[in-house]
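J.: Take a look and give me a structure for this.
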Amino acid sequence: MDYIDLATQFLENLFKLKRHGHQKKFNECMQGEAMAILYILRRKNIVMPSDISNDMKISSARVAAMLNSLESKGYITRQMDKSDRRKILVDLTQEGKELAEKHSKAIAVHTAHMLETLGEHDALELVRIVKKLANINSKAITDN
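T.: Numbers count the residues shown, from 1 in each chain. You can find the predicted model right below:
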């Protein structure tokens, strides 16, 4: 099998997918401020800015700018950790939780529609393969 040719086909189709339809909407919900509030929601609401920076692989300066924006919009609060005053804790406001849940639901609905369009067999195979790739990637990161 020519894996270079297969990789080229895969990347071309991935690019098409990214430009249109589901992936475009998914990308909009999984970037910047939207991704940050989803991250905070999934972490049970209270996180430190360094957690966001490390897990989302973005600079601390970008996280600070994002948190400033989210705070000014009323989606998050920041306060000092009572047990360690050097740490800042970030929490979602009720409005922030509602927005994060709205984004999460939109992503799930769009993804369910895409999987339904594929049909049961292909949808299960896609989920299996993506899970396998995630596990391979996770193992590669821990091995390095």
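J.: any idea how far the residue in the chain sticking out farthest from the centre is from Phe15?
T.: The C-alpha centroid of the chain is most remote from Met1, which lies 33.4 Å away (CA atoms, centre = their mean). As judged by CB to CB, to the nearest Å, Met1 and Phe15 stand 22 Å apart. Quick note: C-beta positions are derived from backbone N, CA and C, even for glycine.
J.: Report the mean per-residue pLDDT for stretch 134-144.
T.: For stretch 134-144, mean pLDDT rounds to 77.
J.: do the same with stretch 57-66
T.: Per-residue pLDDT over stretch 57-66 has a mean of 92.
J.: Could you list the alpha-carbon positions for it in PDB?
T.: Extracted C-alpha coordinates of stretch 57-66, given in PDB (Å, rounded to 0.1, in the frame of the first residue of the first chain):
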ATOM      1  CA  LYS A  57      -1.600  24.300  24.300                       C
ATOM      2  CA  ILE A  58      -1.800  28.100  24.200                       C
ATOM      3  CA  SER A  59       0.400  30.700  25.700                       C
ATOM      4  CA  SER A  60      -0.300  32.200  29.100                       C
ATOM      5  CA  ALA A  61      -0.600  35.600  27.500                       C
ATOM      6  CA  ARG A  62      -3.300  34.300  25.200                       C
ATOM      7  CA  VAL A  63      -5.100  32.700  28.100                       C
ATOM      8  CA  ALA A  64      -4.900  36.000  30.100                       C
ATOM      9  CA  ALA A  65      -6.400  37.900  27.200                       C
ATOM     10  CA  MET A  66      -9.100  35.300  26.700                       C
END
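J.: Contacts for that stretch next, please.
T.: With CB atoms under 8 Å, 6 or more residues apart in numbering as the contact definition, stretch 57-66 has outside contacts at 32-33, 36, 49-50, 52-53, 56.
J.: Throw together a PyMOL command that grabs the buried residues out of those residues.
T.: Those of the contacts of stretch 57-66 that count as buried under 16 or more other CB atoms under 10 Å are selected in PyMOL with:
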select buried, resi 32+33+36+49+52+53
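J.: so how many other residues sit close to Ala34?
T.: The tally of other residues near Ala34 (other CB atoms under 10 Å) stands at 19.
J.: Okay, and it sits in which element?
T.: helix 32-42 (DSSP states H and E).
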